[in-house]
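Asker: only geometry, no sequence info:
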DNA sequence: GCCTAGTGCGTAATAACGTGA
DNA sequence: ATCACGTTATTACGCACTAGG
């Protein structure tokens, strides 16, 4: 059932290592068994974490500028991307990725708020509908009351018929 | 030999270009700076992005087994995690991460379904409400008719008041 | 003109990481 | 430690445009 050890790495790295063995060797020197290097174990509070590489996490400054740009326009033309990248000291690629991810986030957020908006709208409409239903329930009785009244008028009219008759 | 017909080569080059942009960048010099109404052009595989090279893609087999396990239970006890990890040839950490991400995905998917369900429900209720509203529109005229009738009866009654008065 | 390979950018999915409870 | 949640990065498509037959 097993026997496939990390094919996701093996396949790609195999090809690469065949084409560029030297590069492969210098970039991925250690595979150590069947697990890839995973530095990280303890809670390094406020630490740059990770000795190897990985400088994740953009600074608050960078993020705020990105957010401002995102706010004015969700799409990103090459020109703006490059400008932002140089302003932020980031790879244009990173800027593009940030925007892509930001759009995805925005979409999810949008969906969530659309959901709650729709939910409240739905609930109020349901209440309205119930009100109307009870109102409509009164319709037949009102109709019946009208009928009774008309009958009453008719009977009254016939009772007074003597007024006109030469009795 | 397009990227569609031979994705391996394409993907491989993509990966290589991302891992070793320097290798890739020389091929295409950046040409001319000028703004055309259309944005299209620009050849430059940027620098850096050296961080975060190791990546993945689990095999279909691994994913299907993970999915089966997720289907039976969204939570993952240590025991099951370790068993799965050894069956799949993965780091237990990877299995844990996979489950965490899977739960997040599931949540989003759930939200989406709930949204569309709510949406159809909402629409049908709106239709119902409109139907009731037009129905209720008849209510005031009926009510008015009743009122008129009652007034008529009253006036008729007062006209006949002499019958009872000791006039 | 009409392919066809190459390239840039977009989206969707997803892996892995970081933080805080 | 695990989990939820947010974030960064990558994989793998798809589409539009372009240059060279």
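Answerer: Noted; the coordinates are in hand. Fair warning: this is a prediction, and the values are worked out from it, not measured in the lab.

Asker: tell me what whichever strand or helix holds residue A:130 is packed against?
Answerer: Element membership of residue A:130 [criterion: DSSP states H and E] is helix A:92-159. For helix A:92-159, the packing partners by 3 or more CB pairs under 8 Å, 6 or more residues apart in numbering or on different chains; DSSP states H and E come out as helix A:60-72, helix A:78-88, helix B:92-159. C-beta coordinates here come from the backbone N, C-alpha and C atoms, glycine included.

Asker: Redo those as TSV? Include mean pLDDT, mean neighbour count and distance to residue A:138.
Answerer: Output for the helices and strands packed on helix A:92-159, formatted as TSV (pLDDT from 0 to 100; neighbours: other CB atoms under 10 Å in any protein chain shown; distance: least, CB to CB, whole Å):
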stretch	mean pLDDT	mean neighbour count	distance to residue A:138
helix A:60-72	88	13	52
helix A:78-88	88	16	63
helix B:92-159	86	13	8
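
Asker: In TSV: these, plus distance to DNA strand C.
Answerer: Shown next, in TSV, are the helices and strands packed on helix A:92-159 (distance: least, CB to the nearest atom of the strand, whole Å):
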stretch	distance to DNA strand C
helix A:60-72	12
helix A:78-88	3
helix B:92-159	4
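
Asker: Throw those helices into JSON lines and include distance to residue A:133, thanks.
Answerer: Converted to JSON lines, those look like this (distance: least, CB to CB, whole Å):
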{"stretch": "helix A:60-72", "distance to residue A:133": "45"}
{"stretch": "helix A:78-88", "distance to residue A:133": "55"}
{"stretch": "helix B:92-159", "distance to residue A:133": "6"}
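
Asker: Out of the ones you listed, the one nearest residue B:68 is which?
Answerer: helix B:92-159 (11.8 Å; CB to CB).

Asker: Any residue of the closest one touching DNA strand D?
Answerer: Yes - Helix B:92-159 reaches DNA strand D (CB under 7 Å from any atom of the strand) through B:96, B:99, B:100, B:101, B:103, B:104, B:107.

Asker: Which members of the residues you listed are the farthest-apart pair?
Answerer: Greatest spacing in these, by CB to CB: B:96 and B:107 (17.1 Å).

Asker: dump the residue contacts of residue A:133.
Answerer: By CB atoms under 8 Å, 6 or more residues apart in numbering or on different chains, the contact set of residue A:133 is residue B:132.

Asker: From residue B:123, how far off is it?
Answerer: Taking CB to CB, to the nearest Å as the measure, residue A:133 and residue B:123 are separated by 18 Å.

Asker: try residue A:147
Answerer: Look at residue A:147 and residue B:123: by CB to CB, they are 38 Å apart.

Asker: do the same with residue A:118
Answerer: On the measure of CB to CB, residue A:118 and residue B:123 end up 10 Å apart.

Asker: just residue A:86 next, same as before
Answerer: 49 Å.

Asker: cool, and residue A:92?
Answerer: In this view, residue A:92 and residue B:123 are 44 Å apart by CB to CB.

Asker: who's in contact with the closest residue to residue A:69 other than its chain neighbours?
Answerer: Leaving aside its chain neighbours, residue A:69 sits nearest to residue A:84 (6.2 Å; criterion: CB to CB, 6 or more residues apart in numbering or on different chains). Neighbouring residues of residue A:84 by CB under 8 Å, 6+ apart: A:65, A:66, A:69, A:76, A:90, A:95.

Asker: ditto for residue A:116
Answerer: Shown in contact with residue A:116 (CB under 8 Å, 6+ apart): no residues.

Asker: quick revisit: is it possible to get JSON lines of the residues of helix B:92-159 next to DNA strand D that adds distance to residue B:127?
Answerer: Converted to JSON lines, the residues of helix B:92-159 next to DNA strand D look like this (distance: CB to CB, whole Å):
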{"residue": "B:96", "distance to residue B:127": "47"}
{"residue": "B:99", "distance to residue B:127": "42"}
{"residue": "B:100", "distance to residue B:127": "42"}
{"residue": "B:101", "distance to residue B:127": "40"}
{"residue": "B:103", "distance to residue B:127": "37"}
{"residue": "B:104", "distance to residue B:127": "36"}
{"residue": "B:107", "distance to residue B:127": "31"}
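
Asker: Among the residues you listed, which one sits closest to residue B:61?
Answerer: When the residues of helix B:92-159 next to DNA strand D are compared for distance to residue B:61 (CB to CB), residue B:99 comes out closest, at 17.3 Å.

Asker: correct me, but the closest one touches residue B:77?
Answerer: No - Residue B:99 lies out of contact with residue B:77 (CB atoms under 8 Å); the separation is 10.6 Å.

Asker: Assign a three-state SS to residue A:58, would you?
Answerer: Put simply, residue A:58 is coil when judged by DSSP: H, G, I helix; E, B strand; the rest coil.

Asker: Need phi/psi at it.
Answerer: Phi and psi for residue A:58, reported as degrees, to the nearest 10, are phi -80, psi 160.
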